[in-house]
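Colleague: Attaching a predicted model along with its sequence, questions to come.
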Amino acid sequence: MTAKPTVVATGATPPAVQASSYVVADLETGEVLAAKAPHAKLRPASTLKTLTALVLLPRLKKTDQVIGTDGDAQIIGSKVGVSPGLKYTVNLLFEGMFLASGNDAVHALCMHDEGGVDATIQRMNAKAKEIGALDTHVTDPTGLDADGQFSSAYDLALFAQSGLARADFAKYASTKFTNFPMTTKGTYQVANQNKLLFKYDGALGVKTGYTTLARNTFIGAAKRNGHTLVVTMMNAPHGITEDASNLLTWSFQNYDKLSPVGTLVKPADPPKEASGTSDGKPQAAGAIPPARRTAAPELHTVNSLFVSTPVWFWAAPPVLLLGLFLRRPRRRRH
């Protein structure tokens, strides 16, 4: 898409919104219906967890048991309440990540995967590149305001498109309530922070975000009249749900009149999975391969008369001379 600040079709007048950047797109056709600064690189806050989910969902078994740690509980930012020593299923941790935007749940899931947090960050950057989200760079899988971390409204739409194509992602994104275990006994209810699910007809949820520097960020999707639309917004003040609802309603009402102003790129072919490692052991899908060993410098032979001639040829003259010397007649002494 163009880098111009506002991207709308001629004659189209979308409702005014307070976000610095937004995109409205059809998730099925990939057509972008309206946008404002779609490629502005901004802080994503917890909407980045959609990319985290894209990486972790195909790698982790939902029924696995994960024991909470001090590292989970001590993480900064929003938490769902992962407690050291308590057991959680991977499924419940995903619910805690989507509904309550729990950074503690994200940390627990990353640490349950091979390579921990650092490997997850590498996979997230690789996944972003694979699906064409070239405005995105990840340094913290929770979405916190880490140095060098940014994304764009356009890329958030790509995350939603890839995510909602997965049944498990779509289920987590649209779940309204779940129950988390208490440290003593019983459970407590956790509600989805995406208010679109409770207020908008046809809402599919997805993800909200907020930090002091990012302000409000948002990914919301809804299905009406056979169309599935997504709206992504970044750097917005409070009231983002209302602005998102207005954009979605306007897009649904004027869908047949709107001319696309851009297209969501199609994902590149993912790299083929290696069938095994150099030691013959199978490698997990998406695993970060071990660092390659530096090969020893190759020795090149010089194609010259000296090196191509048999060794015996060069050794022969001295031998012959020695033989002649020994056979030479000696003078008789008088």
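Modeller: Arrived safely, thanks for sending.
Colleague: Secondary structure class of R123, three-state.
Modeller: When classified by DSSP: H, G, I helix; E, B strand; the rest coil, R123 comes out as helix.
Colleague: Which parts of the stretch 201-334 of the chain are strands?
Modeller: 203-211, 215-224, 227-236, 262-263 (DSSP state E, counting those that start in this stretch).
Colleague: Dump those strands into JSON lines; add mean neighbour count as well.
Modeller: C-beta here means a position set from N, CA and C on the backbone, and glycine is covered the same way. Compiled in JSON lines, the strands of the stretch 201-334 of the chain are given as follows (neighbours: other C-beta atoms under 10 Å):
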{"stretch": "strand 203-211", "mean neighbour count": "24"}
{"stretch": "strand 215-224", "mean neighbour count": "24"}
{"stretch": "strand 227-236", "mean neighbour count": "26"}
{"stretch": "strand 262-263", "mean neighbour count": "16"}
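Colleague: Just send those strands back as CSV, with distance to G115 and mean pLDDT too.
Modeller: Below are these laid out as CSV (distance: least, C-beta to C-beta, whole Å; pLDDT from 0 to 100):
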stretch, distance to G115, mean pLDDT
strand 203-211, 24, 97
strand 215-224, 27, 98
strand 227-236, 29, 98
strand 262-263, 34, 94
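Colleague: Give the residue spans of the protein that score low on pLDDT.
Modeller: 1-6, 268-334 (pLDDT under 70).
Colleague: how does it look with 50?
Modeller: Scanning the chain for pLDDT under 50 picks out the ranges 271-334.
Colleague: center of it - which residue?
Modeller: Compute the mean C-alpha point of the chain, and by C-alpha atoms, centre = their mean the closest residue is M124, 2.5 Å away.
Colleague: Tell me how many other residues crowd the nearest residue to that one once chain neighbours are set aside.
Modeller: Once flanking residues are discounted, M124 sits nearest to V138: 4.4 Å by C-beta to C-beta, 6 or more residues apart in numbering. Using other C-beta atoms under 10 Å, V138 has 25 other residues around it.
Colleague: What residues does V138 make contact with?
Modeller: Applying C-beta atoms under 8 Å, 6 or more residues apart in numbering to V138 gives the contacts L48, L51, I121, M124, N125, A128, Q149.
Colleague: Export those residues to a markdown table and append columns for distance to A108.
Modeller: Below are those laid out as a markdown table (distance: C-beta to C-beta, whole Å):
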| residue | distance to A108 |
| --- | --- |
| L48 | 17 |
| L51 | 18 |
| I121 | 16 |
| M124 | 17 |
| N125 | 21 |
| A128 | 23 |
| Q149 | 20 |
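Colleague: Can I get the strands of the stretch 201-334 of the chain in TSV including distance to L164?
Modeller: Converted to TSV, the strands of the stretch 201-334 of the chain look like this (distance: least, C-beta to C-beta, whole Å):
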stretch	distance to L164
strand 203-211	7
strand 215-224	6
strand 227-236	8
strand 262-263	17
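Colleague: I'd like to know which of the ones you listed lies nearest to Q253.
Modeller: Of all the strands of the stretch 201-334 of the chain, it is strand 215-224 that lies closest to Q253, at 9.6 Å by C-beta to C-beta.
Colleague: which residue ranges form the helices in the stretch 151-300 of the chain?
Modeller: Along the stretch 151-300 of the chain, counting by DSSP state H, counting those that start in this stretch, helices occupy 153-164, 167-174, 196-199, 240-253.
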